[in-house]
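1. Fold the stuff below for me.
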Amino acid sequence: MKKFAVLTVALLFVFALTGRADNDRPITVDQLPQKAQQFINQYFPKAKVAYAKEEREFLDTRYEVVFANSVKIEFLKDGEWKEVDCKYSAVPAAIVPSAIAKYVEETYENVQIVKIDRSKREYDVDLSNKLELTFDSKFNLIDIDD
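-> Prediction:
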């Protein structure tokens, strides 16, 4: 019975924390981390921001910026970009690691990178021809999905 009570209290605690974890709030671009503001000014200087928000999760904070032209950027809590989704246009070339850009250019003629998402272990790249490529942290192609 004692184990059941401890388990019940532990589960209630976890549910209470996760219930508070999804705490999104609208913010202004000025409230983004400095690195995120510099990224926007460098790569999307003329784009009009539709909205920006701070996403607080259990132990993490992220930021999302959506422009009027549907471009979406996600930033980590330190302001480093996590994802750039340009939907209908090419991701700015300077954002894409050169090894990935070279592979796409040599392998797929007249195809653009429209989305790039990075994590500690890999890069996911969506192409304008609807292919999704995954590269490891050393820029080796590890998966192709259509």
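2. what about Val71, neighbour count?
-> By other CB atoms under 10 Å, 23 other residues sit near Val71. The way it works is simple: take the backbone N, C-alpha and C, and place the C-beta from them, glycine included.
3. show me the contacts for the residue nearest to it when sequence neighbours are not counted.
-> Residue nearest to Val71 in three dimensions, not counting chain neighbours: Cys86, with 5.1 Å by CB to CB, 6 or more residues apart in numbering. By CB atoms under 8 Å, 6 or more residues apart in numbering, the contact set of Cys86 is 71, 114-115.
4. Now the most centrally placed residue in the chain: phi and psi?
-> Centroid-nearest residue in the chain, with CA atoms, centre = their mean: Glu83, separated by 2.7 Å. When quoted as degrees, to the nearest 10, the phi and psi of Glu83 stand at phi -150, psi 140.
5. Ile95 versus that one, what's the distance?
-> 11 Å (CB to CB, to the nearest Å).
6. list the residues that contact both of these two?
-> In contact with both Glu83 and Ile95: Ile116, using CB under 8 Å, 6+ apart.
7. returning to that earlier point: among the contacts of Cys86, which ones are in helices?
-> Per DSSP state H, helices hold no members of these.
8. that older thread, model confidence for the residue nearest to the centre of the chain, exactly?
-> On the pLDDT scale, Glu83 is placed at 98.
9. so it makes contact with Asp117?
-> Yes - Glu83 is within contact range of Asp117, at 4.2 Å (criterion: CB atoms under 8 Å).
10. ok so, going back, could the contacts of Cys86 go into a markdown table alongside distance to Tyr63?
-> Shown next, in a markdown table, are the contacts of Cys86 (distance: CB to CB, whole Å):
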| residue | distance to Tyr63 |
| --- | --- |
| Val71 | 14 |
| Val114 | 21 |
| Lys115 | 17 |
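11. tell me the domain boundaries of the protein?
-> 23-81, 86-146 (automatic domain parsing).
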